[in-house]
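> Sequence and predicted structure below; questions after.
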Amino acid sequence: MNSIGVDFKLKNILVDNKKVKLQIWDTAGQERFRTITTSYYKGAQAIVIVFDLTDKDSFDHLKSWLSDVDKHAKEGVMKVLVGNKSDLTNKRQISEDAAKEFAKKYGMEYIETSAKDSSNVDDLFVRTTKNFMNLSMNNSLKKSMGNFTPGGISLPNTETQPKSKDNCC
């Protein structure tokens with residue numbers, strides 16, 4: 001899918017026997033659209049950052065794109081790094097190990113795809129959605145459990161809390 005500016009797609013996928021509708025905003029990633037793309041980060045729940053495995057410059061610009069994501073996306077947004085054009089093995093300029101190391105350094109999952117032959121494209125969406133759903137469920141569970149410690153729920157020490165002025169409670 002070649003994008004000019006921003007492209008919008010709806011994609012239905014099945015994750016753990018649940019039908020999930022994804023809203024995908026493809027922001028092209030071209031420098032000339034950079035000011036437009038940052039506004040799409042604000043409401044994103046997951047951001048997929050794609051670079052071209054056959055173009056070292058696209059890999060070298062990843063830090064700059066991540067900086068934009070950190071500035072404009074909500075804190076803790078899920079980020080996934082994708083190396084595209086995996087079908088062009090003879091033109092490859094970025095090793096899988098280098099890309100994995102970069103992703104690990106920035107706390108991202110890494111996957112390689114080929115838009116041309118569709119390899120791993122569906123897997124990218126399923127894995128990202130599954131990871132997001134698990135993360136969301138874990139965060140909801142943490143919030144509902146309060147201050148959970150391995151020994152149980154941690155309650156505030158009532159002896160150190162000031163008594164109310166009317167001494168009723």
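Here it is on my side, so go on.
> just the strands in the chain please.
Secondary structure of the chain (DSSP state E): strands located at 7-15, 18-26, 46-52, 78-84, 109-112, 148-149, 152-153.
> Point out the most buried one among those.
strand 78-84 (a mean of 22; mean count of other Cβ atoms under 10 Å). All C-beta atoms are positioned from the backbone trio N, CA, C, and that covers glycine.
> Tell me how far that one lies from the chain's centre.
Relative to the chain's own centre, strand 78-84 is displaced by 8 Å; criterion: Cα atoms, centre = their mean, to the nearest Å.
> what pairs with that strand, and is each one parallel or antiparallel?
Applying DSSP bridges, strand 78-84 is found paired with strand 46-52 (parallel), strand 109-112 (parallel).
> about what we covered before: may I see the strands of the chain arranged in CSV, with mean pLDDT and distance to Met133 as well?
As requested, the strands of the chain are exported to CSV (pLDDT from 0 to 100; distance: least, Cβ to Cβ, whole Å):
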stretch, mean pLDDT, distance to Met133
strand 7-15, 84, 7
strand 18-26, 84, 8
strand 46-52, 92, 10
strand 78-84, 95, 10
strand 109-112, 96, 14
strand 148-149, 41, 21
strand 152-153, 39, 26
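> could those strands be laid out in a markdown table, adding distance to Thr128?
Below are the strands of the chain laid out as a markdown table (distance: least, Cβ to Cβ, whole Å):
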| stretch | distance to Thr128 |
| --- | --- |
| strand 7-15 | 10 |
| strand 18-26 | 9 |
| strand 46-52 | 6 |
| strand 78-84 | 5 |
| strand 109-112 | 8 |
| strand 148-149 | 27 |
| strand 152-153 | 33 |
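> Of all the helix elements in this protein, which one is longest?
helix 121-145 (DSSP state H).
> Okay, buried residues for that one please.
121, 124-126, 128-129, 132 (16 or more other Cβ atoms under 10 Å).
> Stretch 58-67 now?
Within stretch 58-67, the residues that count as buried by 16+ other Cβ under 10 Å are 58-59, 62, 65-66.
> Between these, which has the least confident prediction?
On pLDDT alone, Trp65 ranks lowest of the buried residues of stretch 58-67, at 88.
> Which residue is the nearest non-sequential neighbour of that residue?
Nearest residue to Trp65 in three dimensions, chain neighbours excluded: Ile49, at 5.7 Å (Cβ to Cβ, 6 or more residues apart in numbering).
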